[in-house]
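Visitor: below: sequence and its predicted model.
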Amino acid sequence: TAISTTQVLKGTTIYAAVTPASGYQASITVGGASHTSGNTFTITAAKEVKSTAAVINYGITYNLNGGSESTANPVTYNVTTATFTLNNPTKTGYEFLGWTGSNGTTPQTTVTITKGSTGNKTYTANWTAITNTPYKVQHWQQKLGGSVTPENDSNYTLVDTDNLQGTTDASVTPAVKNYTGFTAPSTQTVTINGDGTTIVNYYYTRNRYILTLIKGNGISTVSSSGTVSGANSNQYLYEEPVTITATVGTGYTWNKWTGSKPSDSQTYTFNMGTYAIANTATATINKVTIQYHMNGGSLATAHGETISDDGTYVLVNSSRTIHTINYGASIGTNGLSDLNNPSYINLVKEGYHLDPTNQFNTSADGSGTSYNHTTNYSAGQFANVSSASRTIVLYAKWVPNEATITIKNNNEAMLNSGINVALYQNGTVKYAYNT
């Protein structure tokens with residue numbers, strides 16, 4: 001639209017300038033040609049000087065610093081744009097402090113751009129890390145049948161979970177625990193995720209301990225076995241069931257296990273503890289124990305507390321045991337006791353005397369095996385003690401005393417006394433005691 005018309009002389013210099021309203025950009029044309037505002041031109045003919053203005057669109061840039069917008073903010077505006085307030089972003093694990101930039105250096109949580117504002121704008125989101133962001137520390141123990149690797153729930157059992165809190169994106173080094181029988185792993189340093197998904201897994205390996213088995217006297221072999229195979233046959237995992245056994249040699253009887261894991265059982269199962277174990281298998285040598293049965297006799301003389309009797313057996317120091325002979329050994333050159341020895345065992349029986357050849361027999365009636373007091377008998381000559389000890393009772397072997405009667409035939413005297421002389425002849429007759 002023409003604003004005004006002016007007539008000027010040809011050759012006149014004209015100054016042309018335009019001042020646009022705020023938020024607008026003006027342009028000038030002279031005679032249809034673009035003209036820079038504030039410059040002059042010379043009139044050579046009739047010309048139209050025209051001024052136009054256009055609204056300026058300004059840009060808005062945002063630095064969200066890792067945040068995100070649920071509703072996007074405008075990226076342009078102009079003087080005609082209605083007043084609006086910036087949407088605040090969010091960031092997991094952080095608290096929004098506010099915007100800085102075109103609004104100043106102090107963070108503001110409410111930033112409004114009013115209608116009629118001008119100029120490009122820049123805004124930066126400011127955050128502070130949350131200090132109570134959750135994270136977990138899980139503690140796993142190796143199963144008895146589990147491998148050291150891979151570290152997963154097939155080989156390990158979850159035993160503890162620590163629910164902790166920390167500052168988002170901070171580095172933390174959670175502590176490991178001490179579990180009896182397990183070796184703790186090295187600690188890990190991790191960054192706490194703002195979304196609370198951080199999990200630290202610690203895997204504890206099961207310890208192995210040495211088992212030492214020792215053969216005592218009379219033990220042929222010792223052996224052990226566990227439920228988990230290992231590289232070393234004498235090392236077992238903590239809590240692993242272990243069975244130990246021993247075989248006993250000829251002439252011995254099982255006694256017991258002594259040491260770290262004592263037991264009376266020859267085959268014994270226990271769970272491996274937290275220390276090295278040393279056990280000794282022990283056996284006792286089999287032996288023959290010999291007792292003296294007086295077989296109706298009695299002690300002629302008691303010798304203080306050393307030699308006595310209980311009415312049936314000879315006692316030495318109040319015990320029926322007179323001799324003890326180990327498997328493979330002999331009674332000794334002194335042999336069995338002389339039952340006729342007045343200074344030791346002096347047995348007597350009215351009307352009887354001890355058999356001078358063999359004073360002992362394994363049967364009361366003398367029908368068993370006879371023994372004398374001079375032979376150096378071995379244990380095996382009394383009983384088989386290869387698998388167990390034996391007690392042998394030796395009975396005193398009594399022989400009846402005999403009386404010898406000498407008869408002289410005196411016919412006259414015998415006739416006078418009415419005895420049939422024909423019944424008797426000169427000679428001797430032996431009669432046993434009590435006959």
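Guide: Received the coordinates, thanks.

Visitor: in the stretch 151-300 of the chain, which spans are strands?
Guide: Taking DSSP state E, counting those that start in this stretch, the strands of the stretch 151-300 of the chain run over residues 156-166, 171-172, 182-183, 190-191, 199-206, 208-215, 219-226, 235-237, 241-248, 252-259, 268-271, 277-285, 287-293, 298-299.

Visitor: quick one: residue 144 and residue 373, what's the gap?
Guide: In this view, residue 144 and residue 373 are 64 Å apart by C-beta to C-beta, to the nearest Å. Yep, even glycine has a C-beta here, placed from its N, CA and C like the rest.

Visitor: surely residue 345 touches residue 336?
Guide: No: with contacts counted by C-beta atoms under 8 Å, residue 345 stays clear of residue 336, the gap being 10.0 Å.

Visitor: which neighbours do those two have in common?
Guide: Counting by C-beta atoms under 8 Å, 6 or more residues apart in numbering, residue 345 and residue 336 have no contacts in common.

Visitor: low-confidence ranges in the stretch 201-350 of the chain?
Guide: 229-232, 302-305 (pLDDT under 70).

Visitor: ok, now with 80
Guide: Counting by pLDDT under 80, the stretch 201-350 of the chain contains low-confidence ranges at 228-233, 301-305, 342-343.

Visitor: repeat for the stretch 51-200 of the chain
Guide: In the stretch 51-200 of the chain, no residues with pLDDT under 80.

Visitor: got the contact list for residue 207?
Guide: Residue 207 makes contact with 181-183, 237-238, 274, according to C-beta under 8 Å, 6+ apart.

Visitor: name the nearest residue to the residue nearest the centre of the chain, ignoring sequence neighbours.
Guide: Closest to where the C-alpha atoms of the chain average out (C-alpha atoms, centre = their mean) is residue 238, at 2.8 Å. Leaving aside its sequence neighbours, residue 238 sits nearest to residue 181 (C-beta to C-beta, 6 or more residues apart in numbering; 3.2 Å).

Visitor: again with residue 194
Guide: residue 93 (1.9 Å).

Visitor: so that neighbour touches residue 169, yeah?
Guide: Yes: using C-beta under 8 Å, residue 93 is in contact with residue 169, at 7.0 Å.

Visitor: just want to know which of those two has more residues nearby.
Guide: A count of neighbours by other C-beta atoms under 10 Å puts residue 93 above the other of residue 93 and residue 169, at 18 against 15.

Visitor: if I look at the more buried one, how far off is residue 193?
Guide: The gap separating residue 93 from residue 193 is 7 Å, by C-beta to C-beta.

Visitor: between the two, which contacts overlap?
Guide: With contacts taken as C-beta under 8 Å, 6+ apart, residue 93 and residue 193 have 133, 168-169 as neighbours in common.
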